[in-house]
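Asks: below are the sequence and a predicted model; questions follow.
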Amino acid sequence: MYQPPELNPDIAPLIAALNPAQKEAVTAPPEHRLVLAGAGSGKTRVLVHRIAWLVAVENISPHSILAVTFTNKAAAEMRGRIEQLLNVPVRTMWVGTFHGIAHRMLRLHWREAKLPQNFQILDADDQQRLVKRILRSLDMPEEQWPPKQVTAYINAQKDEGRRPQSLQDQGDYAQRQLVRAYTAYQVQCESAGLVDFAELLLRAFELCRDVPEIQAHYRARFRHILVDEFQDTNTLQYAWLRVLAGERGVLFAVGDDDQSIYSWRGAKVENMVRLAKDFPGTEVIRLEQNYRSTGTILKAANALIAKNSSRLGKNLWTEDGEGAPIQLYAAFNEYDEAEFVVNRMREHLDGRARYSDLAVLYRSNAQSRVLEEVLIRQRLPYRIYGGLRFFERMEVKDALAYLRLVSNRDDDGSFERTVNTPARGIGATTIERLRQIAREGGVSLWKAAVGAGPALGRSAGNLKQFLDLIEGLARDTAGEPLSKIMDLTIERSGLRAHYQKEKGEQAESRLENLDELINASRSFERPPEDDELDPLNSFLAHAALEAGEGQALAGEDSVQLMTLHSAKGLEFPIVFMVGVENGLFPNQRALDEGSLEEERRLCYVGITRARQQLYLSYAEVRRVHGVEQIGSPSIFLRDIPPECVVETRPRAGILRPSFAGGARSSGAGYGGGGYSSREPRPRYGEGYNLQRTPITNAPAYGGFKLGAQVRHVKFGEGTIVSFDGDGERTQVEVRFRNAGTKRLMLSQAKLEAV
Ligand code: ATP
Ligand code: MG
């Protein structure tokens, strides 16, 4: 029978603050445990307290503890919380992500891992470039063997722990070729001392499995292994945990199957079930009380996730009151949506909220651009958590560099950036030679290139083609509207084709960003009297400024923007979930394939980030891939009980209880056409009627109201979709029927009511 040690008085108050189920988990005897519990039930908190308990009560040295988290930030926070709890530094404790810990082991034992001491990490982009080179050397044409897919194949093999020599082609030609590529890639990595992300894990796993001294060392060292977000471990990570634990190590895992959102990267939620079998004596502890969110938010989350069929099943409740209803906003378009978000933020900031209490969550990276634009205009400091701001993203900078070069041939930075992006056979030696010529002659790289001619040998032809490309772009875009210039540039530079060929999540997101850049430039096509510079140069200046400003410094109080994926594990008092539309969230692929469960879990993750107030919004019209599309509210909205939600309009405040109890929407509401819970809701995927009754309580600006029909001399007829600023400086955004959406100065636009 296990005798718990005497309670250390320092830790007694900590333990007293836990509920009985949490206490059971934290004070469990040193045996395997799985804490299976829903969002906000205190899993992470229990994990941290468990460590404190082990150290303070079980007298386990921090040196003997390994704690695995999902992000580096979470690791840093966890260390901070533990130090605070214990009031001692715990430097000798290993806390980190799987990748971080694997890397640390490989640095310590590079010899045993058969790596050079100064091995380098290959990031995702570098890896892809290397795969490309390999494919070329193997005569595997890119059209048939897209590098992105070959890379994904290699990583998937590694995630499953498979080396090339263990793979059999079974007479299959395609498989044989893939194994060939994997083999060649691996040989290249070994000889150059390169380690990709998947290799970090696989090497560290093999190191612990195959080198007896290392295995013995870590098994003796890590008596306790604790893992957060266990539902997102992959096969290899799981296998590694088993090797490390051995017979004597004690595993403490916490997770939530309903928050498994990385199956597309190989995460295996089944590991939660396997655990009980592979780690004998594992007891499962369930936590059911939620401490994070209001009753309303929790009810919405529970109802949504109940629609999934493959679940381990759990029930969350809270002692907290109902709290404020969830507010749902039907925006005209993405600008209107962003304005709504920022206006609501202002209201909260006028009250008690700090910037960092506010978070905006979105499904796709490209959605940040419009939000960033409005945040910058309204001077709210923001940060993009776990990502780059729009104008700092690689593909966006590449496209802009082309434009800069077109606009100014002597811009050496842009020349260097574009000359071999995408790859066109102009290598480092040629560029170095150009630099030298430029230095000697005191001229720009462009001039050096024009003058160099045959002196450059084999690259001369490729270079000439590049110079022609830029000249041709300059010629063909002169006098064209900015969005056309942008489109042509992305097309002719080869950037679009480059990412189209690659396929996969990352490339898709880069294509979306390029399309979003065209959208951005379109909204910049203001009438020339607005600006001194021509539209191209004023746009470039805008991009440069946006890339350099706005983003708050690390540690500065700021609004948080992030994808739903990177929000896992975090919490915020006020959350805006934007773009809740079919095709965006759930994304089109999930809709097409009818595989909605993972997207629904992602929605569950999003909702459960909110503590006090949740806003949901969707746009009736949104530019996607440069085309205005009519959106329909996400099918997930229908899973939320009507009594949890109210519809809202900006400035005018809350309009009416939403589709609850038959209060018929007056037009602008959920579903656009206005219907109550008694009426059939649109079926999923169904577009909906944009005919709407005028919004009577929208505020008027210079005699115009939001939603008003207007005529412009040049652009024709359209609908007012947003206002910004006051008085003389009021800007108005109009969605023209035939000329796209434009932002105009109201005082100068000479709009007429239709
Ligand atoms: P997720 O599934 O999102 O990762 P989680 O289960 O890890 O959530 P935590 O982040 O640990 O949940 O806890 C959610 C919130 O509830 C935190 O603010 C935490 O401090 C608080 N909390 C948890 N347990 C208690 C408790 N017993 N008393 C008071 N607050 C608690
Ligand atoms: Mg957590």
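Replies: All right, it came through fine. Ligands and ions are numbered 1, 2, ... in the order given.

Asks: drop to CA atoms for contacts and neighbour counts, all remaining ones
Replies: OK.

Asks: thought Arg79 was touching Thr92?
Replies: No. In this structure Arg79 lies outside contact range of Thr92 using CA atoms under 8 Å: 10.8 Å.

Asks: more neighbours: which of these two?
Replies: Arg79 (21 against 12; other CA atoms under 10 Å).

Asks: and the host helix or strand of that one with ligand 2, contact?
Replies: Using DSSP states H and E, Arg79 falls within helix 72-86. No. Applying CA under 5 Å from the ion, one finds helix 72-86 separated from ligand 2 by no less than 9.3 Å.

Asks: dump the residue contacts of Val710.
Replies: 717-720, 751-754 (CA atoms under 8 Å, 6 or more residues apart in numbering).

Asks: would you state the helices of the stretch 551-700 of the chain in chain order?
Replies: Along the stretch 551-700 of the chain, counting by DSSP state H, counting those that start in this stretch, helices occupy 588-593, 597-607.

Asks: a markdown table please, covering the ones you listed and showing mean neighbour count, mean pLDDT and distance to Ala204.
Replies: As requested, those are arranged in a markdown table below (neighbours: other CA atoms under 10 Å; pLDDT from 0 to 100; distance: least, CA to CA, whole Å):
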| stretch | mean neighbour count | mean pLDDT | distance to Ala204 |
| --- | --- | --- | --- |
| helix 588-593 | 13 | 89 | 35 |
| helix 597-607 | 23 | 97 | 30 |
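
Asks: mind checking which of those helices is nearest ligand 2?
Replies: Closest to ligand 2 of these is helix 597-607 (CA to the ion; 10.8 Å).

Asks: burial check on Ile490, number of neighbours?
Replies: There are 25 residues near Ile490, going by other CA under 10 Å.

Asks: make sure I have this right: it is in a strand.
Replies: No. Ile490 is assigned helix when assessed by DSSP: H, G, I helix; E, B strand; the rest coil, not a strand.

Asks: where in this protein is pLDDT low?
Replies: Residue ranges of the chain with pLDDT under 70: 1-9, 387, 523-524, 526-533, 541-542, 544-555, 625-626, 649-702, 706-707, 724-729.

Asks: interface residues of the stretch 151-300 of the chain facing ligand 2?
Replies: Counting by CA under 5 Å from the ion, the stretch 151-300 of the chain has no residue next to ligand 2.

Asks: how about residues contacting the helix holding Arg79?
Replies: With CA under 8 Å, 6+ apart, helix 72-86 has contacts from 11, 48-49, 51-52, 56, 68-69, 89-90, 95-97, 100.

Asks: tabulate those residues (JSON lines), appending neighbour count and distance to Gly579.
Replies: Output for those, formatted as JSON lines (neighbours: other CA atoms under 10 Å; distance: CA to CA, whole Å):
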{"residue": "Ile11", "neighbour count": "16", "distance to Gly579": "45"}
{"residue": "Val48", "neighbour count": "21", "distance to Gly579": "35"}
{"residue": "His49", "neighbour count": "25", "distance to Gly579": "37"}
{"residue": "Ile51", "neighbour count": "25", "distance to Gly579": "39"}
{"residue": "Ala52", "neighbour count": "26", "distance to Gly579": "41"}
{"residue": "Ala56", "neighbour count": "19", "distance to Gly579": "47"}
{"residue": "Val68", "neighbour count": "25", "distance to Gly579": "32"}
{"residue": "Thr69", "neighbour count": "22", "distance to Gly579": "29"}
{"residue": "Pro89", "neighbour count": "13", "distance to Gly579": "43"}
{"residue": "Val90", "neighbour count": "17", "distance to Gly579": "42"}
{"residue": "Val95", "neighbour count": "24", "distance to Gly579": "35"}
{"residue": "Gly96", "neighbour count": "24", "distance to Gly579": "33"}
{"residue": "Thr97", "neighbour count": "20", "distance to Gly579": "30"}
{"residue": "Gly100", "neighbour count": "19", "distance to Gly579": "33"}
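
Asks: between which two of the residues you listed is the distance greatest?
Replies: Ile11 and Gly100 (29.8 Å; CA to CA).

Asks: and whatever residue of the stretch 101-250 of the chain ends up closest to ligand 1, how many neighbours?
Replies: Here the stretch 101-250 of the chain gets closest to ligand 1 at one residue, Glu229, 6.9 Å apart by CA to the nearest ligand atom. Glu229: 20 surrounding residues under other CA under 10 Å.

Asks: and Arg136, by the same measure?
Replies: Neighbour tally, Arg136, other CA under 10 Å: 13.

Asks: quick one, phi psi at it?
Replies: For Arg136, the backbone dihedrals (degrees, to the nearest 10) come out as phi -60, psi -40.

Asks: how about it, nearest residue that isn't a chain neighbour?
Replies: Leaving aside its chain neighbours, Arg136 sits nearest to Glu142 (7.8 Å; criterion: CA to CA, 6 or more residues apart in numbering).
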